[in-house]
Every structure is written in structure tokens, then in C-alpha cells.
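Participant: pasting a predicted model and its sequence here:
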Amino acid sequence: MSRRSWVRPLIAMGLVAVTAVVSACGTSGPGETSGGALKIWALEDPVLNKIEQKSIDSFKAGGGNASLETFGNDPYKQRLRVAIGSPQAPDLFFNWGGGNLKEYVDAGKVADLTAVLDENKAAKDKFIPSVLDGAKLDGKNYGVPMRGMQPVLLFFNKKVFTEAGAQPPKTWDELLTLVDTFKAKGITPIALAGTQAWTELMWAEYVLDRFAGHEVFKNIRDKGPEGWKDPAVVGAMSKLKELIDRGGFGNAFASVGYDAGGASTILAQGKAAMHLMGSWEYTNQLDQSPDFVKNGDLGWIEFPSIPGGKGDPSNLVGNVSNFYSATADSKNLDAAKKFVTTTLHEDSYIEALIEAGDVPPVVGAEEKLKKSAHPDYASDIYKMVLDSKNFQLSWDQDLPADKATFMLTQLQEFFLGKVSPQQFVDAVAAR
Amino acid sequence: MSSQRPSAWYAVPAFAFFALFAALPMILVIYLSFTAWDGLGTPQLNGGENWSRLLDDSEARASVWRTLLLMVMSWLVQTPIALLVGVWAAGKQRSRAVLSSIFFLPLLLSTAAIALLWQALLEPNFGAFVGGPLFLGDPDIALYTVVLVISWQFIPFHTLLYQGAARAVPPSLYEAATLDGATRVGKFLHITLPQLRYTIVTSSVLMLVGSLTTFDTVLILTNGGPGTATRILPLHMYITGFSGFEMGYASAIAVVLVVLGTALSIAVMRWSGFRSMSSQQEGS
């Protein structure tokens, strides 16, 4: 074959490749026309998505135009990252507030909603201020709460406690004593879904808060290494190690998963006595083990206090709420602002959230919660949040993604006993 | 111009496909490995920072060792079983055909199904081995559990390769050996094995490169846990890139994977004489 005969096919190959790349990039064209439907992205949830769709329908009835797209947890985070600077970006996007939102704000991708919230006092005043602050950065509001509040609570099996003649722990020492009590009876004291690091993180968060106070974490977030090197962090992690070494979580936790239902089921079946989990655990148990909840065997309390610790026993950690934020480059920014200030505090939306078992982030919801399907539970959570001195957003959402990912890995090694409290602190401080 | 061979134009679709879906992404990954990029904004060139970090990263080094261990273990477990079962299944008896189709069942299951199945089976409170070893929960044995699950998944495929190849061995060879008084074992060692030489090479390359880049099964089965006990290199890359959003650093890890994979398959080809591809049969 002569040399010439190769040249043209080669050029053709190059052309095909280039055209394909160009046409792939070019598909973004049609979406750019302004005045189109408001594109809203949220996390997939079979119950809540229906309510969110309803709020969109009512927005449409009022002359607006909007559509909802939903994604599972990890795909959502990845998709949002990639899409947010592109023409495919949504106009409004679901987020967790805090450091997770800060990354987008710092990149100049999020619209400032302070002015529009101030203009719409009726909407702004309806939200619990501390929750609204969950999406406030440098004094500016970047998000409006759109789902229920989800603090982390210590759930327990009342039947198991009664049979052991024990009381739910009010202090750390009581918790340690209970570990011995249940171990002696062959019951795993605390259920822990250790395949997922965020379940272990809940323990680290509460122990640090109770032992050292909530400012310590604020320092970690704002100052990084210097914050981690506070001696109180090693102190708190040593407390936690004491609980792990005492067998508080049994020895099988490392292969128990939360999504697969492992941890929740051993609590419901009485194979474990306690379970530290987000408030969604109630609806989860109701769904998976309905009899356990209906017989009144599922109990819940706030995390025990640590004697001599600096943290206020009313402090909470968890998901403060979820927020809608508007993208700065949105062609529909005005419509987006209108949507967040008109639909999210409407009575019909709040009532639908309550009906679905959520505890809405609005003031004056006591009466409505009393009439809900699970009045005791919902009212308890509502009161806990209102009474809390501080409501710390989960660390994995409050730290930048790269730091959070590294910390979660180190935490899993810590729970397995591969890393000492000091080594844990040294490792995360070095990042 | 030769009219005997197809024109080079025939290669255009294949080359265009390769350029677009293999070469171009690879070039982009090499570029990204010299940048800092969190997925937001535009990648910023940062010199060799990712690469010097990679040299110091003990977690990356540990995951390379885990990957190599997984690779060698998978090969050691899968090859003898697949070879023996494949040769056995090559027989024409009806019972063998029935049993073979049962052995091949895992081939019909998707990776996700297999991983979830084994995860449920090995669950410490509700699985099939309650009170037994913590197959997925003990950092010292979790990697071996992963090897067994991957082997369970892929042995049928390799068995199929060996079955096909063993059936292609000319019966005349065995007949001659029988006349010479060779035993079953002797026939296997001196006829079947040499005749299957290139199938062994093909299957080994698939196994070695496959386990170097295996990802989905481990992601679903253990997500690299407990702790980092099963965090192999591809998973380390995924977690760095898509949980930590350090796309530049993850790209550097990806380049290492590409280089390791290519080097490995070239090495196996060279060492085994696969490239000459001469037939083992007389008269051809």
C-alpha cells in the first residue's frame, strides 16, 4: 500500500473525531433560550418528591413555569458538580447548606438571596432563624429551607431496656455502664452500620460537641490544621475509643450496612439496644419494622452529656435542613427568586411535609404537629431543635469534599483500631 | 494500489471510535493529571504537584499492593479451577452438559446482582454464616473474600474459554497417546496442556488486566472497607475523584492504571510468545 493511500483516510478519521466532539459539545444549544421553564434539581425521595412536584404545580397555576428533576445521593453530587458551570445547570438546586454550599459560593456559582428575602418579610420570618442561617455565608443568604429538620438522636429499644431493668443513658458514664450490662446479656449494646463512615461520624460529632463544645468544630472548619490540633479533639477521640474498646459496638459492625437495613433491624429485633441515627430512622423503622414502632418499643433521647464536658447538652448535630439555592448564571433568576419566596412557606406545602412525617423548618408549627400522624415524635424533635443552643451541620457536609473524604477514611480506620486518637488527629491535621 | 487487500478506508470507523473514546480521554486525563481541578470552574495547571504527591501518598502505595495481591490471588484461584472444569466439561457426555450449564449460571447475573447477593449472604447478623468469620468485616480477610467473590463471578467465563479450546484439540492426538499407553494424567499433561497454551495466555491476560481494573464488584461489595482493607487502586481513584472531587490527583492515579495495565499485557504477550501465534498442530 502506497503512502498516499493512507493520508486521506487519516484526515477523515481526524475529521470524524473532531465533528463528534464538536457536536457533543454543541447539544447544549437549545437549552439556552431565556424565559424557559425553571429547572429545579432535587434529591430523589419517593415521598417528598411528590410534595415538591405539588409546589411546582401551584407555582405553575400562578403563571410560572417550572420542572423538577431528581437524582440519587451520590449521582446527584457528581452531576451537580459537573453541570453547575455549564449551560445544562439547573436554575434551582437542592443542597445541604454549610461548607458543601460554600464551595459553590466561593466559585461564584450561587446567587445571593439576601435582598429578595428581605423584600419578602412574610416568607423570611416564617423560617426558624437558626435553620435559615444554615445556608448563610459571610452574612448573606444563599438558600431557602425546603425539607424537614433532621437532628441525630439516640434511638433505643424500650423492651430490651425494660428486660435488663435499665434506664436510657443521660450521661456518658451511664452509657459505659450500659455497655457492660448488655454485653453480659449477649446483646450488642449499640448498633452501628460501619460500612458507611457517616454513621461513625455521628458518634465523633456528638462526643466532640459534648466533650469540647461546638466552637471546636467551627475552628476546625475555619482554621483547618490549627483547629484539629486543639488538645480537646484528642481528648474527645480518646473518650470515643474507650467506648469502642469496651465493645460498645460489638465486633461485627464493620460489615453492617445502613442502606441494607442491617443496623436498624438488629435494633428492632432486640439484638441491639441502642442506635445513634438521624431523625429519618423513625420513618425508616415504621416502614421496615412497623410492629416495633406501633407497639411503642422504639424510644429516643438526646445524646448523653459528658460530665465536665464543655458542650451544652441541648446541642444537636445532623442535617439542619435542605435548601434550594439559585445558580448565579441562571437565565431565570427572577422566576427562581419568586419560586423560593412564594411556595416554600405556604401552608399547603408545610402541611404536606408534616403529613409525610417531616418536621418543617418553620416557626409556630406546634399545633399542626400535634395533629400529625406521629405527634409525640414530631413534637419532640421540633422542641429539641427550638431549644438547642447550637445545631451543627454534619461534618461531611460542612467541610470541603476532599477534606471530608479523607477524614471519613481515617475515621473508619480509627473505629477498627488501626489508628490511635493521636494518629487520627495528626493525619487529618496534615491535610 | 493493491486490490487484494481492503482499502484503508475500512478502518476509519474503528479508528475514529478508538480516537474518540480511548485516545482522546487518555490525552485529557494526562493533561488533567498536571492540573488542580475540583470539578468547579476551570482546571488550573499546577506543574508536577499531583505526581510528587502520588510518590508520597502511602494510601496510594498501599492500594497498589492490594491491587497486585488481588490480581495474583485471582489468577491463582481462577486458572486451575477454570482449566480443570473446562477440560472436564469438554467431554460429550450428557451429564456434563447439564452440570456445565449449571456452572455457567453466574455468567447470566449482572455484577451488581452478584455483589449484592454476596453482601447479603455474608451479612454478620442475618447472613448464612452468623457467628462465623467476619468475611467482609475483618480487615485481615476481607480482601480474600473479595478474591473469592470475583472468582465465583468469572470462573464460568474462563471455563467456557477452556471448554471451547479443549474441544478443538484433535482426537487423533489422544488416540495416538492411548496406543502408546499414556495414562489420563499423562494425556492431560502432555497433550491437553500444551495444546491449550494460547488459551491459557488469553485467559490469563483477561484475568490479570481485568483484576487490575476491577471496580464495580468491590465498590458495591465493600466500598473499599472495612477501613481501607479492600481499597484497590481503581477504587482509590474513584473515591479521590468523585467523593473528594480532586479530579487532577485522581487523573494522575488513572494514568498509573493505564501504564500498569498496558505494561502488564505487553509483558504477558512477550513472555508467553503469544505474538508469534504459531499453531501447535502438525500439518498446518
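Facilitator: Done, it's in.
Participant: got the buried residues for the strand or helix carrying A:Arg81?
Facilitator: Using DSSP states H and E, A:Arg81 maps to helix A:73-83. Going by neighbour count (16 or more other CB atoms under 10 Å in any protein chain shown), the buried part of helix A:73-83 is A:76-81, A:83. C-betas here are computed from N, CA, C, even on glycine.
Participant: let me know the closest of those residues to chain B.
Facilitator: Nearest to chain B among these, counting by CB to the nearest CB, is A:Arg81 at 3.9 Å.
Participant: list the contacts for the closest one?
Facilitator: B:38-40, B:245 (CB atoms under 8 Å, 6 or more residues apart in numbering or on different chains).
Participant: again, only this time at 10 Å
Facilitator: A:Arg81 makes contact with A:103-104, A:401, B:38-40, B:242, B:245, B:247 under the criterion CB atoms under 10 Å, 6 or more residues apart in numbering or on different chains.
Participant: then A:Val233?
Facilitator: A:204, A:208, A:211-212, A:216-217, A:219-220, A:227, A:421-422, A:424-425, A:428-429.
Participant: now A:Gly97
Facilitator: A:131-137, A:142-143, A:145, A:319-323, A:325, A:393, A:397-398.
Participant: likewise A:Ala232?
Facilitator: Contacts of A:Ala232 (CB under 10 Å, 6+ apart): A:208, A:211-213, A:215-216, A:219, A:309-310.
Participant: phi, psi for residue 66 please.
Facilitator: Let's take chain A. phi -150, psi 160 (degrees, to the nearest 10).
Participant: roughly how far does B:Phe245 sit from A:Trp198?
Facilitator: Per CB to CB, to the nearest Å, B:Phe245 is found 17 Å from A:Trp198.
Participant: hmm, back to that, who wins on neighbours among the contacts of A:Arg81?
Facilitator: B:Met247 (24 neighbours; other CB atoms under 10 Å in any protein chain shown).
Participant: so what's the residue nearest to that residue when sequence neighbours are not counted up against?
Facilitator: Spatial nearest neighbour of B:Met247, chain neighbours left out: B:Trp37 (4.3 Å); criterion: CB to CB, 6 or more residues apart in numbering or on different chains. Listed by CB under 10 Å, 6+ apart, the contact set of B:Trp37 reads B:43-46, B:241, B:245-251.
Participant: let's see which of these end up in strands.
Facilitator: The strands, defined by DSSP state E, take in B:44-45 from these.
Participant: how about B:Gly224: what's its closest non-neighbour residue?
Facilitator: That would be B:Arg231: by CB to CB, 6+ apart, it lies 3.5 Å from B:Gly224.
Participant: and whatever residue of the stretch 101-250 of chain A ends up closest to chain B, backbone torsions?
Facilitator: Scanning the stretch 101-250 of chain A for the residue nearest chain B gives A:Ala107, at 4.2 Å (criterion: CB to the nearest CB). Taking degrees, to the nearest 10, you get phi -80, psi 0 for the backbone angles of A:Ala107.
Participant: what's the neighbour count on it?
Facilitator: What A:Ala107 shows, counting by other CB under 10 Å, is a neighbour count of 15.
Participant: and it, what's its pLDDT?
Facilitator: Among the per-residue scores, A:Ala107 holds a pLDDT of 89.
Participant: pretty sure it is touching A:Asp329, no?
Facilitator: No. Between A:Ala107 and A:Asp329 there is no contact under CB atoms under 10 Å: 11.2 Å.
Participant: overlap of the contact sets of the two?
Facilitator: Residues within reach of A:Ala107 and of A:Asp329 at once, by CB under 10 Å, 6+ apart, are A:84-85.
Participant: in the stretch 101-250 of chain B, which spans are helices?
Facilitator: B:111-121, B:142-167, B:171-179, B:184-187, B:193-195, B:197-212, B:216-221, B:233-242, B:247-272 (DSSP state H, counting those that start in this stretch).
Participant: rebuild these as CSV, extending it with distance to B:Asp56 and mean pLDDT.
Facilitator: Formatted as CSV, the helices of the stretch 101-250 of chain B follow (distance: least, CB to CB, whole Å; pLDDT from 0 to 100):
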stretch, distance to B:Asp56, mean pLDDT
helix B:111-121, 33, 93
helix B:142-167, 24, 94
helix B:171-179, 56, 91
helix B:184-187, 52, 90
helix B:193-195, 46, 91
helix B:197-212, 23, 89
helix B:216-221, 25, 93
helix B:233-242, 14, 93
helix B:247-272, 12, 89
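Participant: any idea which of those is most buried?
Facilitator: With neighbours taken as mean count of other CB atoms under 10 Å in any protein chain shown, the helices of the stretch 101-250 of chain B reach their highest mean count in helix B:233-242, at a mean of 22.
Participant: count the neighbours of A:Lys403 for me.
Facilitator: A:Lys403 has 18 nearby residues by other CB under 10 Å.
Participant: now do A:Ala328
Facilitator: Neighbourhood size, A:Ala328 [other CB under 10 Å]: 17.
Participant: hang on, isn't it packed against A:Phe93?
Facilitator: No. At 11.5 Å, A:Ala328 does not count as touching A:Phe93 under the criterion of CB under 10 Å.
Participant: who touches both of these two?
Facilitator: Joint contacts of A:Ala328 and A:Phe93 (CB under 10 Å, 6+ apart) are A:84, A:104, A:109-110.
Participant: mind putting the residues you listed in a markdown table, distance to A:Ile244 included?
Facilitator: Converted to a markdown table, these look like this (distance: CB to CB, whole Å):
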| residue | distance to A:Ile244 |
| --- | --- |
| A:Ile84 | 39 |
| A:Tyr104 | 36 |
| A:Lys109 | 40 |
| A:Val110 | 39 |
